[in-house]
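Undergrad: Let's see this in three dimensions:
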Amino acid sequence: MKGSFFRSMTWLHTWVGLLVCWLLYLIFFAGTISFFRDEVSLWNQPSAHNIEQQADHIGAQKQQIITGVEYLNAQAPNAPNWRITLPEERIPYLTYGFAKPKEPGQRRASFNNSRLDPNTMQPLPPFIDTRGGNFFYRLHFDLHYIDVKTARWIVCFASLFMFIALISGIVIHKRIFKDMFVFRANKGSRSWLDVHNLSSVFALPFHLMITYTGIITLIFMLFPHPVNTVYEEGMTGFFKDFSPSNPINNKAKGEAELVPVKTILDQVYTKWPNADINRVMISNPNKAAATIMVLVSPGKALRDQTPRLIFNGVTGELIAQTDDELTGSKALYESLNSMHTGRFAEPLLRGLYFLGGIAGCIMIATGCIMWAKRLRERMKKNTQPSWGLKLVEGLNLGTLMGLPLATSAFFLANRLLSKQVAERADKEILAFFLTWLCVFIIAFVKRDKLQWCVMAAINSIACFSVPVVNALTTEGNIIQYLRNDQWALFMFDSLFLLFGLLFLLQTEKLRTGLQTKKRLHISTQEQKI
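TA: Model prediction:
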């Protein structure tokens, strides 16, 4: 029974992992980049590169908000919404925006944004149209071209499979601590197993946390029945209760003067004396139904929902707010969500999140490569591989080599596309997917070690190209970033140089292996003669 149980767990671990490993690799890959999505978005906008961090950005917020309301009232007094986004450590610029009228079929109104240097209050050069880090953030759970609801169901099931693979992997790991210190080089599938074990065990707490909390973020989509039972309006009623929204009757008619924003801020600072305000959102300005929402940074608190206060925009009365003290269930839900996103994390912890994500990518990649390697090793000589093995090898090459190359293409497109190109952000994303598609086409035509070597070399060139093209097309480069203490930009370019070097080492190793194999083949042929 014991032997049967472990064989069953091994079978379960193998197949639940293999069936979704390429999708999981995409989710982990894009999610890992998303831990630094603000830094990625900053790199994608050269106009914001030379903004210095404010010495006391909290002390300057009050005047920035007052100035913003005056500016928006002069520019767009009849706009349906105003938005003031204040600078923070990871987003150094100030944004004043107002909503444009909705176009037919448009779900949400687009905003006309003016971005300023908070130190000088002077407008910045026009920003380019790009999704930046938000593309990878949405990709890791919305899968882009797929319907959002369908994509999230797919990601949920893949996450459940991942969780089962992790648990079954722990069960079958009889020597889990010993394997943390074992690596046997040049041993075929055994070497891949050792790397798989190392990347799994060292980051196991992270893998369990990120997978479980990822499922929790979409728990109400998986299990909507309790909410639908308790609330007459279903999920709409639940989120109205969970998150404070506009309680003013929007049918209120007529014009009304907006309350001085200083009155609102005085109330905010009375409640939270050291408030670090993220955003001020004004709905229906200069109307009787006006509301002013002030969102404040949660700091290091394990809260996913941003603390907020909502005021009547005419009288200045506080009409709604987030809970100061969360109930046990709300605190659990919010802490699990914030653990998944890492929004509370300081740079060091965010870096550990990033390393955990890379370990997850290595774990998944080595698992699917190991499956194909073992089948190859068990094949008899002169035996044609099955279509299943060909499919797995093609998916391995297309996914594991295609995604890094597509990512480099995305950032190269950001620098090389003209600023005047229509729908420029979509063109960057198109460059990402077209590059990935090309790699898949190559992978399904030919997928032997030579193709891996060629794709590794191309990835190396692409990674090295990103900081080079950045230096040629903008006023900054990696050396200037280091001199000016622009650490986010410096680390971005440095990581591409590092991965370029790793791909170069992989190319050399694969090339050496091909040459050795060729020499052995020639030697065997000579012996036969």
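Undergrad: Isn't Q54 up against D117?
TA: No: counting by Cβ atoms under 8 Å, Q54 does not reach D117; the two are 9.9 Å apart. For every residue, glycine as well, the C-beta is placed using N, CA and C.
Undergrad: So what's the gap between the helix ranked longest in the chain and the chain middle?
TA: Secondary structure assigned by DSSP state H gives helix 487-528 as the longest helix of the chain. Offset of helix 487-528 from its chain centre (Cα atoms, centre = their mean, to the nearest Å): 29 Å.
Undergrad: What's the mean pLDDT across it?
TA: For helix 487-528, mean pLDDT rounds to 85.
Undergrad: And stretch 433-442, by the same measure?
TA: Mean pLDDT, stretch 433-442: 96.
Undergrad: Report the buried residues of that stretch.
TA: Of the residues in stretch 433-442, those with enough neighbours to count as buried (16 or more other Cβ atoms under 10 Å) are 435-436, 439-440, 442.
Undergrad: For the stretch 101-250 of the chain, just list every one of the helices.
TA: With DSSP state H, counting those that start in this stretch as the criterion, the stretch 101-250 of the chain has helices at 133-142, 148-172, 189-202, 204-217, 219-222, 225-230, 235-242.
Undergrad: ugh, wrong one, I meant the stretch 301-450 of the chain
TA: Counting by DSSP H, counting those that start in this stretch, the segments of the stretch 301-450 of the chain that form helices are 328-341, 347-378, 387-400, 402-416, 424-445, 449-473.
Undergrad: by contact count, what packs against the second one?
TA: With contacts defined as 3 or more Cβ pairs under 8 Å, 6 or more residues apart in numbering; DSSP states H and E, the packing partners of helix 347-378 are helix 2-34, helix 189-202, helix 204-217, helix 387-400.
Undergrad: Could you tell me the least trusted of these?
TA: helix 189-202 (a mean of 85).
Undergrad: Show me the contact partners of that one.
TA: For helix 189-202, contacts defined as Cβ atoms under 8 Å, 6 or more residues apart in numbering pick out 169, 173, 176-177, 179-180, 182-185, 187, 207, 359-360, 362-363, 366-367, 369-370, 373-374, 377.
Undergrad: Also stretch 425-435?
TA: 129-131, 135, 144-145, 402, 405-407, 409-410, 412-414, 417, 421.
Undergrad: ok, 6 Å please
TA: 129-131, 405-406, 409-410, 413-414, 417, 421 (Cβ atoms under 6 Å, 6 or more residues apart in numbering).
Undergrad: Quick check on those: which are buried?
TA: 129-131, 405-406, 409-410, 413-414, 417.
Undergrad: Which residues are in contact with the residue lying closest to K102 once chain neighbours are set aside?
TA: Nearest-residue entry for K102: A109, 4.8 Å, with adjacent residues in sequence omitted and distances by Cβ to Cβ, 6 or more residues apart in numbering. Contact partners of A109, counting by Cβ under 6 Å, 6+ apart, are 99-100, 102.
Undergrad: Name only those of the residues you listed that count as buried.
TA: When the contacts of A109 are checked against 16+ other Cβ under 10 Å, the ones flagged as buried are A99.
Undergrad: Reformat the contacts of A109 as CSV; add distance to V20 and pLDDT.
TA: As requested, these are exported to CSV (distance: Cβ to Cβ, whole Å; pLDDT from 0 to 100):
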residue, distance to V20, pLDDT
A99, 40, 91
K100, 41, 85
K102, 38, 73
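Undergrad: looking at the helices of the stretch 301-450 of the chain, which one has the lowest mean pLDDT?
TA: Among the helices of the stretch 301-450 of the chain, helix 328-341 scores lowest, at a mean of 86.
Undergrad: Residues touching stretch 438-450, excluding its own?
TA: 393-394, 397-398, 401-402, 405, 514.
Undergrad: what do you get for stretch 24-40?
TA: Here stretch 24-40 makes contact (Cβ under 6 Å, 6+ apart) with 90-91, 132-133, 136-137, 139-140, 158, 162, 342, 350, 353-354, 357, 360-361, 364, 399, 403, 488.
Undergrad: still on that earlier bit, may I see the helices of the stretch 301-450 of the chain organised as TSV, with distance to A290 added?
TA: Compiled in TSV, the helices of the stretch 301-450 of the chain are given as follows (distance: least, Cβ to Cβ, whole Å):
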stretch	distance to A290
helix 328-341	29
helix 347-378	38
helix 387-400	50
helix 402-416	38
helix 424-445	32
helix 449-473	44
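Undergrad: I'd like to know which of those helices is closest to L72.
TA: Closest to L72 of these is helix 424-445 (Cβ to Cβ; 24.6 Å).
Undergrad: Just the buried ones from the contacts of stretch 24-40?
TA: Buried by 16+ other Cβ under 10 Å: 91, 132-133, 136-137, 139-140, 158, 162, 342, 350, 353-354, 357, 360-361, 364, 399, 403, 488, out of those.
Undergrad: Not counting its own residues, what contacts stretch 379-392?
TA: Contact with stretch 379-392 is made by 372, 375, as judged by Cβ under 6 Å, 6+ apart.
Undergrad: Any idea how far apart the tips of that stretch sit?
TA: 15 Å (Cα to Cα, to the nearest Å).
Undergrad: How far off centre is that stretch?
TA: Put simply, stretch 379-392 sits 36 Å off its chain's centre (Cα atoms, centre = their mean).
Undergrad: Likewise for stretch 465-481?
TA: Stretch 465-481 sits 23 Å away from the centroid of its parent chain (Cα atoms, centre = their mean).
Undergrad: export that stretch as PDB, just CAs?
TA: Taking Å, rounded to 0.1, in the frame of the first residue of the first chain, the C-alpha atoms of stretch 465-481 are listed here in PDB:
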ATOM      1  CA  SER A 465      20.600  45.100 -27.200                       C
ATOM      2  CA  VAL A 466      18.100  46.600 -24.800                       C
ATOM      3  CA  PRO A 467      20.500  48.700 -22.700                       C
ATOM      4  CA  VAL A 468      22.500  49.600 -25.900                       C
ATOM      5  CA  VAL A 469      19.400  50.800 -27.800                       C
ATOM      6  CA  ASN A 470      18.200  52.600 -24.700                       C
ATOM      7  CA  ALA A 471      21.600  54.500 -24.500                       C
ATOM      8  CA  LEU A 472      21.300  55.300 -28.300                       C
ATOM      9  CA  THR A 473      17.700  56.600 -28.200                       C
ATOM     10  CA  THR A 474      17.500  58.400 -24.900                       C
ATOM     11  CA  GLU A 475      19.700  60.900 -23.000                       C
ATOM     12  CA  GLY A 476      20.600  58.300 -20.300                       C
ATOM     13  CA  ASN A 477      22.600  55.100 -20.100                       C
ATOM     14  CA  ILE A 478      23.600  52.600 -17.400                       C
ATOM     15  CA  ILE A 479      26.800  54.600 -16.400                       C
ATOM     16  CA  GLN A 480      24.800  57.800 -15.900                       C
ATOM     17  CA  TYR A 481      22.200  55.900 -14.000                       C
END
